[in-house]
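Asks: Next come a sequence and a model predicted from it.
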Amino acid sequence: MKYHQIDNTLFIKNRAKFSAQMKPKSVAIFNSNDIYPVSADSTLPFAQHRDIFYLSGVDQEESILLLFPDAPYEHQREILFLKETNEHIAIWEGEKLSKDRAFEVSGIKTVYWLQDFEKILFEMMTHSDTIYINTNEHYRASIETETREARFVKWWKGNYPAHAVAKSNPILQRIRSVKESEELDLIQNACTITEKGFRRVLSFVKPNVTEYEIEAEFIHEFIRNRSKGFAYTPIIASGNNANVLHYIENNQQCKAGDLILLDVAAEYANYSSDMTRTIPVSGRFSERQKAVYNAVLRVKNEATKMLTPGTLWKQYHLEVGKIMTSELLGLGLIDKADVQNENPEWPAYKKYFMHGTSHHMGLDTHDYGILTEPMKANMVFTVEPGIYIPAEGFGIRLEDNVVVQETGEPFNLMRNIPIEVGEIETIMNS
């Protein structure tokens with residue numbers, strides 16, 4: 001891996017948090033992701049399942065984690081199963097985790113090769129009443145491909161029908177949403193790498209560059225700073241492309257006088273950052289562009305202040321809607337009659353700001369978190385309001401990543417990334 005090794009105390013703490021919430025005499029199983037085929041003998045780059053990584057630090061395919069806090073013997077309470085490595089694999093694919101190295105990474109003392117899994121699982125199941133299966137219940141999930149986890153669940157149900165079933169996901173949704181200090185440092189590192197990419201782009205952009213050339217500048221800076229690359233598919237949207245919320249073609253020329261919406265960020269050690277900035281192709285905002293930009297910035301700043309312990313997700317978005325409504329009135333995009341006659345299910349401001357303001361962030365860009373429960377300290381959120389005006393040929397979105405504090409305003413992990421109009425114009429014209 002490109003990233004520096006993470007201290008295994010993080011994963012030891014994470015397993016302890018999960019195990020503390022398991023039912024008596026229960027086993028939990030977590031599988032790595034598959035390596036997905038493209039065609040012929042080509043595959044997509046491996047990306048580890050975030051749950052097994054969160055609990056073990058193992059960043060390797062064909063791995064299984066078994067947790068059994070009430071096992072009869074201590075060495076059975078945490079077990080890793082790994083693909084057995086050998087000289088041939090080392091030559092053709094590179095070194096895989098040895099048992100000693102797996103202990104260094106995870107803090108798990110008991111490590112077996114994968115071929116022993118079914119035999120050892122059978123022994124564990126004779127001492128247990130319940131198994132925790134790891135289904136994906138994220139509110140944005142849409143899954144068409146059968147995963148390694150899904151295949152395991154089918155296999156397990158066929159072989160152990162007498163055991164009770166419990167779900168790992170509700171536990172993970174809660175414990176993963178509140179970050180440990182080590183995780184905050186990793187996310188900060190991802191944000192810092194993103195800053196380096198953005199500053200590089202500010203010095204690079206000029207009329208007639210292409211969106212894909214800007215994308216290339218970002219990836220260059222990310223990889224040279226130990227990132228695997230983009231935390232998500234980058235959006236480099238110039239002119240009216242910015243009004244397509246998930247524009248990813250990135251194939252157009254950037255014209256003088258237009259704005260470029262950049263929704264692009266780095267990952268580091270599987271942890272995400274998530275930045276959006278909007279910059280002028282020619283290095284200067286027009287007066288109209290500046291007015292809309294500063295309106296979005298004010299909404300972002302006011303919304304950020306509301307991310308405090310105890311805040312409820314639904315109420316937060318209602319309050320942000322009120323702030324955005326005021327700004328759109330000031331810009332002349334809506335009038336008082338639009339507000340008075342609005343549909344409560346789709347308020348007037350939604351014509352120009354149709355998406356949510358914030359989401360959890362961490363190992364996943366849209367990270368785990370239960371939206372019906374109050375916010376807590378050490379949760380990480382994006383704050384990303386936008387105003388999109390197809391009739392005027394531009395859209396503006398601004399996005400930072402912040403950490404909820406015990407008291408006071410959130411801590412901005414992107415505090416050093418230029419965002420004020422004057423700072424952006426100064427850098428682009430220096």
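Replies: Structure received. Since the model is a prediction, treat every value here as computed from it, not as a measurement. Residues are numbered from 1 along each chain as shown.
Asks: Against residue 221, how distant is the closest residue to residue 246 other than its chain neighbours?
Replies: In space, and not counting its chain neighbours, residue 246 is closest to residue 235: 6.9 Å by CB to CB, 6 or more residues apart in numbering. Every C-beta, even on glycine, is put in place using the N, C-alpha and C of the backbone. With distances taken as CB to CB, to the nearest Å, residue 235 is found 17 Å from residue 221.
Asks: Counting neighbours, go ahead and name the busier of those two.
Replies: More crowded of residue 235 and residue 221, by other CB atoms under 10 Å: residue 235, with 23 against 20.
Asks: Can you give me the neighbour number for residue 328?
Replies: Applying other CB under 10 Å, we find 23 residues neighbouring residue 328.
Asks: and the helix or strand harbouring it, which residues are buried?
Replies: Here residue 328, judged by DSSP states H and E, is contained in helix 313-331. For helix 313-331, a neighbour-count test (16 or more other CB atoms under 10 Å) marks 313, 316, 320-321, 323-329, 331 as buried.
Asks: which one among these gets closest to residue 353?
Replies: Taking CB to CB as the measure, residue 353 lies nearest residue 324 of those, at 5.2 Å.
Asks: what sits against the closest one?
Replies: For residue 324, the contact set (CB atoms under 8 Å, 6 or more residues apart in numbering) comprises 299, 349, 353, 385, 387.
Asks: now with 10 Å?
Replies: 295-296, 298-299, 302-303, 334, 347-350, 352-353, 357, 385-387 (CB atoms under 10 Å, 6 or more residues apart in numbering).
Asks: From these, which land in strands?
Replies: Of the contacts of residue 324, the ones assigned to strands by DSSP state E are 386-387.
Asks: which of the contacts of residue 324 are buried?
Replies: Counted by 16+ other CB under 10 Å, the contacts of residue 324 give 295-296, 298-299, 302-303, 334, 347-349, 352-353, 357, 385-387 as buried.
Asks: wait, which of those is closest to residue 276?
Replies: Of all the buried ones among the contacts of residue 324, residue 386 has the smallest distance to residue 276: 7.8 Å, by CB to CB.
Asks: how many other residues sit next to the closest residue to the closest one other than its chain neighbours?
Replies: Leaving aside its sequence neighbours, residue 386 sits nearest to residue 397 (CB to CB, 6+ apart; 3.3 Å). As a burial measure, residue 397 scores 23 neighbours (other CB under 10 Å).
Asks: Tell me the confidence at residue 397?
Replies: Per-residue pLDDT puts residue 397 at 98.
Asks: Next: residue 88.
Replies: Residue 88 is assigned 75 on the pLDDT scale.
Asks: Okay, it and residue 81: tell me how far apart.
Replies: Applying CB to CB, the value for residue 88 to residue 81 is 20 Å.
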